[in-house]
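Colleague: got a predicted structure plus its sequence, pasted below:
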Amino acid sequence: MESSTHSTADFGRLVWISDDVDGFVAARITDITHNGFQLTTESTNQTVTRRYEETFACEEDPTKSVEDNCALVHLNEATLLNNCRLRYANGKIYTYVANILISINPYQLIDNLYSSETIKEYRGKSLGQKEPHIFAIADKAYREMRRNKTSQSIIVSGESGAGKTESQKAVLKYLCENWGSEAGPIQQRLLETNPILEAFGNAKTLRNNNSSRFGKFVQIHFSESGSVAGGFISHYLLETSRVCRQSSGERNYHIFYQLIAGASPDLYEKLRLAPASKFNYLKHGATMFFANSKSSLKIASDRFSETDTVSDSIISDIDDFAKLEKALGLSGLGNSEKMFIWSTIAGILHLGNIEFEENSNDSRGGCRITGDAENSLMSVSELLGLEPEELRMGLCARIMQATKGGVKGTLIRVPLKAYEAAAGRDALAKAIYSKLFDWLVAQINKSIPFEKSSAYIGVLDVAGFEYFAVNSFEQFCINFCNEKLQHFFNERILKQEQEMYESEGLNIQKIEFSDNQDCIELFEKKPCGLFDLLDEEAKLPRATFQHFTQRAHESNKGHFRLDAPRKSKVKSHREMRDDEGLLIRHYAGTVCYETRYFVEKNNDQLHNSLEMLIEQSSFPLIVALFQNESSTGAVKTGGRLKAVSVGAKFKSQLSSLLDKLNNTGTHFVRCVKPNSQMKAWQFDGSAILGQLQCAGMASVLRLMQEGFPSRTSFSDLYSMYEKSLPPSLARLDPRMFSKCLFRALGLDSHDFQFGNTKVFFRAGKFAEFDQMMKQDPDTMMELISKVTDWLIKARWRKAQYGTWSVIKLKNKILYRADKIKKIQAWMRGYLVRKRFHKRLAVYRKACALLEHSREMTDILARMNETSQDKWRQAADSTTSELEELVKRIKNDDLEEEIDRAVKCYEECVARVDSIIADLKQQLENDELAEVERARREAEEKERRELEEKAAAEQERLLRRKMEEEREKAQKEYEMQLELEKQKEAAEAEEEQKRRDREERDRLDAIVSARLASSDGVALVAQENTNMTTTSTSSEVSSGSGAQKQQTQSKYDLGNWKYADLRDAINTSNDMELLVACKEEFHRRLRIYNEWKSKNSANRDVPPTRAPLTVYSQQKPSSSMMVSRVQAAPHLNPALTQQRYFKVSFATDNRKNGGSQSGMWYAHFNGQYIRRQLTIRPSQKPQLLVSGKDDLQMCELPLEQTGLLRKKGAEISANDFETMWYHFGGKPIVEWTP
């Protein structure tokens, strides 16, 4: 408990409040309302209200930015967003959260951001030594790979358009330029993979001009010496449906447009190409070209479908085609193989132009190719090496093998309907493109020289979380992948990190985070997971998407993450039937999936006739694409080939990827999309806040500041230096050596912490950690020299301590010598006293007798005057004789007359005893008369005592009667409290349901609002439930019940201001209004103080308003509610009784070296505190009185403080008042009913 210095109510305090547009805006507190704050915004001076959970603490200087968000004083979403906003406004797109990088896409090339000079600047630099940059993350991954001898992974995540692909390219460039220059072709091949993969795997979407439509994990392998030894690319989930159809405003894969724009005139004519609008597979989406104004190449005018081109700083179709041709050559592909690629791509385009119509001459209801499509048929046949008639027959009919009747195994040709033939054509096009992509990746991997590898650094780039107005199976799989990666992030950064802190014995505060395990189980839990249900549906004779959707809802009924489309906030989604869509609440928001094509896209198989047709191609490479069994994903069961579904294959690939990630060290780059319009340097606070929230960055920020991002074991650290240690250091155990090393580096004890087996470093100490972990001989010898110097200094300090100990021992010997002299003096005195023992004995007896004779004077003083005159002369003469005897014994030499002195002494003894006896007899006679008088006075006193006793008994009986009445009232009150507790339990359950509803609404609103802003999607009109929800929430927060509702109906205090409540408490004579105001006033104080504690810079410090023991007894379910008793206050002892308490507490007094104890005194007037006194060591006492110091006083009701159950805490009123007045407290007028 520490001293409080804040002003009353903190009115005028600058805070961040939620805002629909900017995410958060700055505002100042002007009042405490029923369930939040009334504030005035800084920018517009507008008065607004916000709930407590929508208000966050602000930095003292909100215009100051930091490179690492862990350096912020207040750790919350608002300060994180503001820091990112400030840096982005200054042209800095990178920001750290400890060792995690946040990257905000600028949508514009930044000069020298990725230049060779910049690469050199970051080589060998620790995090924090240079400006935040993705190069620093890449360098950190390389150094940890070398140091720990383990492979590393850099996971680049974020929404589509956030810049993941560019980030991956930057990492590859940094690693290859630094450690691949000696590898020659390896470096070039690795860097040249990007143009190929982007051309065939990237496309323009509504939110990103260069969106990756597949996932890739690029591994750069390194040799023992640390140079690049090779590379390997893994890919998965290519979005094949885009080949045949795109949404409005989107494009097909870049390669189609690059080929049209960049092909030479001869190649253009040979492939029979045309503008994009002439091809069915391209014309449904956007048909424009991308161009760069700086490019020297120009697209021929006859190849345009639209008059305008889209300018992009990164993408240019004609330039990228030239880069693609060069990259293919560097990857080892000759002219014939390039021609095969161009022919295949062109063949796919012409294949899409083959259309079908019903054949009226076919009695079996078959179809035929339209007359206009004959030229396309011939083009496809020529480009794919097929016979035209066989191609015609394969597209219009399919072959089946008879199993019953006739000759078993007979092939039967079954004609297809026009729509069935079109579906087969599209399946063929997708299969060819998918297998061509697989072949290209395999060729790239073959072309990369591969030496002996000791470890690798993998860079993962996956399609980001997606949501559109219409979402299908592709978004379903992509978003599931992102769910798994987010769960991996939670496990690795949040869960496993905290578990390690706990196992190592580090006292780190528990950080709560949103776990998405339930969403992952919705997808893959057996047997009711969505993927399993989809595979089961495919096994049915007549599989339909309606049946699958219906089963999904039935099997997961009541699941928080799954709902019907009618619950969506998007108007078009609500028009879907329940068996036509799935509403899934992902970690990043709620997405509505249209399941119409789920079953078909999950199977996506070619029928046998088309497979047989491709196998007859005259081009060996085409045939080779379909002869690779491993690429088909088929498994053999019972002698039959059973195709693995797209979903099962994707899950298998994703599981393999996660296994790789789990076995490597991980580094995270969180890419953020700044706006939906892809405009340069435009910061959309609301959209960015949603992405940071979904990425769990607020929880990570708190954990990283409290935790220790860097660590190593004692044994590993020792073994690293062991071979170079001199004999004087080799004797040290690993833990002691580590301690010496840290001391030698000058590290403060706050910078690191020892666990059971590891040592941990705080965020911001990466440079010191890297310096310590460097393995080059020069650095190691320098550190060993520092350790040796430190040990020498430590031993010198030990020698100094020994010298000081010897000096102290010398002083102790001198001290003892002085004491011995004193003992000898006392001994000499004893010997003298023994010699004169007999004389001293007579002297002491004479002195004692003289003192005894003084009794005669005392007796004379108690006698009357007559007796005194009679006996005074005899007494005085005897006393004088004794005085003379003492004088003679003291001054004269009595060695010869000792016996005569003894005899004289005995005579004096007899005379003194005789006189004293006579005096006592005379005194007794004088007192007889006094005794009679005293007897009469005693009788009078006894009479008065009997009368007082009778009166006291009568008062006791009256008090007992009052106590019985009080106990009866107290029991009734406790019964009411028990009823209130039961109601509170029910209300707590309702509160949890309300929070679930709020979380559901929050997730539903994230995606729908961004769809409305970016795509113009119409939303469902907001239902007028906000006020009702807020009212219900506040009632639950403040306690309810039948009695409370009656009171609220009479006194609606929701709109009362803080000052109005305080004035009513001080001035009102209405007892019921007074109780209602006090309850509402203290309820607001409790909620406000809880908010303040959560937003405090020192969250681990106990509340300053009262000792921690007072708050430790508080029940969480009752922390924001209090029982209200409807009875009049004077009938309820809990509301009128004055009670006093005293509690000791420990204070952290670092200046005086350790903790000291203080004392806290409290005076409760009924349930609420009236006065409070806090006494701290070396500080001025703090005296607080309700009415003016409420914000600094304990706000809990007495029944929730635990003081009533704390033994010895309650004190008397007199004890409290004594301390109150002793420390300068002033009298107060007690509250009376």
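Modeller: The structure has been received and is ready for your questions.

Colleague: next, Gln982: secondary structure please.
Modeller: What DSSP: H, G, I helix; E, B strand; the rest coil gives for Gln982 is helix.

Colleague: ok, it to Arg1086 distance?
Modeller: With distances taken as CB to CB, to the nearest Å, Gln982 is found 21 Å from Arg1086. To be clear about C-beta, it is placed using only N, CA and C from the backbone, and glycine gets the same treatment.

Colleague: and the two? which has more neighbours close in?
Modeller: The neighbour count for Gln982 versus Arg1086, taken as other CB atoms under 10 Å, is higher for Arg1086 (23 against 11).

Colleague: in terms of pLDDT, where does the more buried one sit?
Modeller: The predicted local distance difference test score for Arg1086 is 78.

Colleague: helix or strand: which one has it?
Modeller: Per DSSP states H and E, Arg1086 falls inside helix 1071-1094.

Colleague: what helices and strands are in contact with that helix?
Modeller: Contacting helix 1071-1094 under the criterion 3 or more CB pairs under 8 Å, 6 or more residues apart in numbering; DSSP states H and E are the following elements: strand 23-32, helix 1026-1038, helix 1042-1050, helix 1058-1067.

Colleague: can you tell me how far the nearest residue to Thr63 once chain neighbours are set aside is from Asp61?
Modeller: Counting by CB to CB, 6 or more residues apart in numbering, the nearest residue to Thr63 once its immediate chain neighbours are dropped is Leu86, at 7.0 Å. Summarising the geometry, the distance separating Leu86 from Asp61, computed by CB to CB, is 11 Å.

Colleague: which of those two has more neighbours?
Modeller: Between Leu86 and Asp61, Leu86 has the larger neighbour count (other CB under 10 Å), namely 17 against 8.

Colleague: show me how far the strand or helix carrying the more buried one is from its chain's centre.
Modeller: Following DSSP H and E, one finds Leu86 within helix 77-89. Its chain's C-alpha centre lies 18 Å from the corresponding centre of helix 77-89 when counted by CA atoms, centre = their mean, to the nearest Å.

Colleague: what are the buried residues along it?
Modeller: By neighbour count, with 16 or more other CB atoms under 10 Å as the criterion, the buried positions of helix 77-89 are 77-88.

Colleague: in JSON lines: these, plus pLDDT.
Modeller: Compiled in JSON lines, these are given as follows (pLDDT from 0 to 100):
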{"residue": "Glu77", "pLDDT": "87"}
{"residue": "Ala78", "pLDDT": "91"}
{"residue": "Thr79", "pLDDT": "91"}
{"residue": "Leu80", "pLDDT": "91"}
{"residue": "Leu81", "pLDDT": "93"}
{"residue": "Asn82", "pLDDT": "93"}
{"residue": "Asn83", "pLDDT": "93"}
{"residue": "Cys84", "pLDDT": "93"}
{"residue": "Arg85", "pLDDT": "93"}
{"residue": "Leu86", "pLDDT": "94"}
{"residue": "Arg87", "pLDDT": "94"}
{"residue": "Tyr88", "pLDDT": "94"}
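
Colleague: picking that back up, for the helix holding Leu86, packing partners?
Modeller: Helices and strands in packing contact with helix 77-89 are listed as strand 14-19, strand 23-32, strand 55-57, strand 94-97, strand 100-104, helix 685-694, helix 697-706; criterion 3+ CB pairs under 8 Å, 6+ apart.

Colleague: not counting the fourth one itself, show me its contacts.
Modeller: Residues lying outside strand 94-97 but in contact with it, judged by CB atoms under 8 Å, 6 or more residues apart in numbering, are 67-70, 80, 83-84, 87, 101-104, 127-128, 131-134, 697, 700-701, 704.

Colleague: hmm, back to that, these two touch, right, the residue nearest to Thr63 and Ser65?
Modeller: Yes - counting by CB atoms under 8 Å, Leu86 touches Ser65, with 3.9 Å between them.

Colleague: tell me what the helix or strand hosting Glu965 is packed against?
Modeller: When elements are defined using DSSP H and E, Glu965 is found to belong to helix 898-1015. Under the contact definition 3+ CB pairs under 8 Å, 6+ apart, helix 898-1015 sits against strand 581-586, strand 589-594, helix 685-694, helix 837-862, helix 865-891, helix 1026-1038, helix 1133-1136.

Colleague: ok, and the closest non-adjacent residue to the residue nearest in space to the middle of the chain?
Modeller: Most central residue of the chain, judged by C-alpha distance to the mean C-alpha position with CA atoms, centre = their mean, is Ser699 at 1.9 Å. What sits nearest to Ser699 in space, not counting adjacent residues and going by CB to CB, 6+ apart, is Phe513, at 4.1 Å.

Colleague: residues touching the one you found, list them.
Modeller: Residues near Phe513 by CB under 8 Å, 6+ apart: 490, 494-495, 696, 699.

Colleague: export these as TSV, with columns for pLDDT and distance to Leu831.
Modeller: Written out in TSV, the entries for the contacts of Phe513 read as follows (pLDDT from 0 to 100; distance: CB to CB, whole Å):
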residue	pLDDT	distance to Leu831
Asn490	84	90
Leu494	76	85
Lys495	76	85
Gly696	75	91
Ser699	73	86
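
Colleague: can you select the buried ones among these for me in PyMOL?
Modeller: This is the PyMOL syntax for the buried subset of these, where burial follows 16+ other CB under 10 Å:
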select buried, resi 490+494+696+699
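
Colleague: Gln486 is in what secondary structure piece?
Modeller: Under the criterion DSSP H and E, the helix or strand holding Gln486 is helix 473-489.

Colleague: so which elements touch that helix?
Modeller: strand 152-157, helix 517-524, strand 581-586, strand 589-594, helix 598-603, helix 646-662.

Colleague: which element follows the fifth one toward the C-terminus?
Modeller: This points to helix 598-603. Scanning forward in sequence from helix 598-603, with DSSP H and E defining helices and strands, the next element found is helix 608-615.

Colleague: and if you look at the first one?
Modeller: Stepping forward along the backbone from strand 152-157, the first helix or strand reached (DSSP H and E) is helix 164-179.

Colleague: just want the angle from that following helix to strand 152-157.
Modeller: Between helix 164-179 and strand 152-157, the angle comes out at 150 degrees (axes from the mean of the first three to the mean of the last three CA atoms, to 10 degrees).

Colleague: next one: helix 164-179 to chain centre, how far?
Modeller: Between the mean C-alpha location of helix 164-179 and the chain-wide mean there is a distance of 30 Å, by CA atoms, centre = their mean.

Colleague: and that helix, what does it pack against?
Modeller: Using 3+ CB pairs under 8 Å, 6+ apart as the contact criterion, the secondary-structure elements in contact with helix 164-179 are helix 116-122, helix 134-148, strand 152-157, helix 185-201, strand 215-222, strand 228-236, strand 455-461, strand 665-672.

Colleague: ok, which of these comes nearest Ser301?
Modeller: Nearest to Ser301 among those is helix 185-201 (23.4 Å), distances taken as CB to CB.

Colleague: can I get that closest one in CSV, CA atoms only?
Modeller: Taking Å, rounded to 0.1, in the frame of the first residue of the first chain, the C-alpha atoms of helix 185-201 are listed here in CSV:
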residue,chain,number,x,y,z
PRO,A,185,23.8,-19.9,-58.4
ILE,A,186,22.1,-20.9,-55.2
GLN,A,187,21.5,-17.3,-54.2
GLN,A,188,20.3,-16.4,-57.6
ARG,A,189,18.0,-19.3,-57.9
LEU,A,190,16.4,-18.6,-54.5
LEU,A,191,15.9,-15.0,-55.3
GLU,A,192,14.5,-15.8,-58.7
THR,A,193,11.8,-18.1,-57.4
ASN,A,194,9.5,-15.1,-56.5
PRO,A,195,8.7,-14.0,-60.0
ILE,A,196,7.7,-17.6,-60.9
LEU,A,197,5.6,-18.2,-57.8
GLU,A,198,3.9,-14.8,-58.0
ALA,A,199,3.1,-15.2,-61.7
PHE,A,200,1.4,-18.6,-61.3
GLY,A,201,0.2,-18.3,-57.6
